[in-house]
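J.: How does the following fold in three dimensions:
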Amino acid sequence: MYKIVQGPKTTWIDIQNPTSEDTTFLKERFAFHPLVMEELIPPIWRTKVEVFANYLFLVLHYPLYSKESRETRPQELDIIITQDTIVTSHYRSLLPLKYLFDRCNADPEARAEYMNEGAGQLLFHILNELWESNLLKLTRLNKKLDEVEDAIFKGQENQMLKEISFTKADIIDFLRIVVPQGDIFESLKTEGTKFFGQEMEPYFSHLIGHWSQVKNDLQSYKDTIRALEETNNSLLAYRTNEIVRVLTLFSVIVLPIILLSQIFGMNLNIPFVETPNNFLYIIILMLIGTAGMIFYFKKKKWM
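T.: Below you'll find the predicted structure:
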């Protein structure tokens, strides 16, 4: 289903969940190449820029985070740009895109601001809105890293194993979506400047700056979560070693008691067994043996 906003110098056609009727409408109105129309349906998993005589065709991916599955997945955004028209096509609602479209549709001042300087400027505003939204998404990841770090040093290492895995996967998925689009923005800077004029070069360079900032921050987050994972694993190993050490010390300390109880449990002629205070003597021997082991461990600084 498509919606149209008509600005002073630019027309914006937005299509959500494109159908064959939508592609037929575009072919009849603009005579776009059949191969371009075929790529609007179904989604494709590679980004690209294609240059035609009268228009540009972009395939971009926008990262969407699902709170239910706790993962980030790419959502395709196809854009066809002529000198005076932009067609955006996508399968899910992209909030930054919807926000800008609704503003242009409902507010004459916004429509004049964004659609009064040609399709190149509107393209910049659309992409700029999307990538500023990506920068805001990094705030969520940064906050999550802080929460994981705090929890690790509060003794919650076991609980953080799962959280670290989810956060690490989220960052990697985000990075996999962002990195390939660097070539797209470089191509857009070259081809878009040729198509719209030299005055658009600073705007496309600005988009490259947004992309670079998002990519660099994600690389930093990736290194951070790996360091936190190593720290968490080290603390878990340390705690495990401490538990094993305590259990080992305990088993060795009670070894004299076990040994003496086994010896005096034998059916042999053992001293003290027939004396009136035999039980007391045995207890004293056990305590001496235990105290000796504790003294030895203290001297060796094992306790």
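
J.: Can you give the domain ranges for this protein?
T.: Annotated domains of the chain cover 2-238, 254-299 [automatic domain parsing].

J.: quick one: Ile243 from Ile258, how far?
T.: Per CB to CB, to the nearest Å, Ile243 is found 21 Å from Ile258. Every residue, glycine included, has its C-beta placed from N, CA and C.

J.: Let me see the ranges of the strands in this structure.
T.: 2-6, 11-16, 48-51, 56-66, 71-81, 85-90 (DSSP state E).

J.: so of those, which one's packed in deepest?
T.: Mean neighbour count (mean count of other CB atoms under 10 Å) peaks for strand 85-90 among the strands of the chain, with a mean of 24.

J.: Return the angle between stretch directions for that strand and strand 11-16.
T.: Relative orientation of strand 85-90 and strand 11-16, computed by axes from the mean of the first three to the mean of the last three CA atoms, to 10 degrees: 10 degrees.

J.: Let me see the residues that make contact with strand 85-90.
T.: Strand 85-90 is contacted from outside by 10-16, 18, 22, 26, 30, 40, 62, 75-81, 97, 101, 119, 122-123, 126, using CB atoms under 8 Å, 6 or more residues apart in numbering.

J.: please redo it, this time with the cut-off set to 7 Å
T.: Identification of contacts with strand 85-90 by CB atoms under 7 Å, 6 or more residues apart in numbering yields 10-16, 18, 26, 40, 75-80, 97, 119, 122-123, 126.

J.: before we move on, what about stretch 194-203?
T.: Residues outside stretch 194-203 that contact it (CB under 7 Å, 6+ apart) are 56, 120, 124, 189, 192-193.

J.: just stretch 98-109 next, same as before
T.: If you take CB under 7 Å, 6+ apart as the criterion, stretch 98-109 is touched by 5, 7, 12, 14, 110-111, 114-115, 125-126, 129.

J.: could you dump those residues to CSV with distance to Trp211 and pLDDT?
T.: Converted to CSV, these look like this (distance: CB to CB, whole Å; pLDDT from 0 to 100):
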residue, distance to Trp211, pLDDT
Val5, 26, 93
Gly7, 27, 87
Trp12, 23, 95
Asp14, 23, 95
Ala110, 25, 90
Arg111, 27, 90
Tyr114, 21, 91
Met115, 24, 91
His125, 16, 94
Ile126, 14, 95
Glu129, 14, 93
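
J.: Return the member of these nearest to Glu50.
T.: Proximity of the contacts of stretch 98-109 to Glu50 (CB to CB) peaks at Ile126, which lies at 17.9 Å.

J.: And the closest one, how far from Ile41?
T.: 21 Å.

J.: and these two? which has more neighbours close in?
T.: Neighbour totals were compared for Ile126 and Ile41, and Ile126 leads with 24 against 16 (other CB atoms under 10 Å).

J.: any idea which of the domains of the chain is most buried?
T.: Most buried among these, counting by mean count of other CB under 10 Å: domain 2-238, with a mean of 17.

J.: so how far is that one off the chain centroid?
T.: Put simply, domain 2-238 sits 15 Å off its chain's centre (CA atoms, centre = their mean, to the nearest Å).

J.: circling back: the domains of the chain: lowest mean pLDDT?
T.: Between the domains of the chain, the one with the least mean pLDDT is domain 254-299; it has a mean of 67.

J.: so what's Thr190 up against?
T.: If you count contacts by CB under 7 Å, 6+ apart, Thr190 has none.

J.: wait, Gly120
T.: Neighbour list for Gly120: 192, 196, 200 [criterion: CB under 7 Å, 6+ apart].

J.: With distance to Glu68 added, can I get these in TSV?
T.: Formatted as TSV, the contacts of Gly120 follow (distance: CB to CB, whole Å):
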residue	distance to Glu68
Gly192	37
Phe196	41
Met200	40
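
J.: From those, pick the one nearest Phe250.
T.: Using CB to CB, the contacts of Gly120 come closest to Phe250 at Gly192, 72.4 Å.

J.: Chain neighbours aside, what residue packs nearest to the closest one?
T.: Residue nearest to Gly192 in three dimensions, not counting chain neighbours: Phe204, with 5.3 Å by CB to CB, 6 or more residues apart in numbering.

J.: Spit out the contact partners of that neighbour.
T.: Contact analysis of Phe204 by CB under 7 Å, 6+ apart lists 185, 188-189, 192-193.
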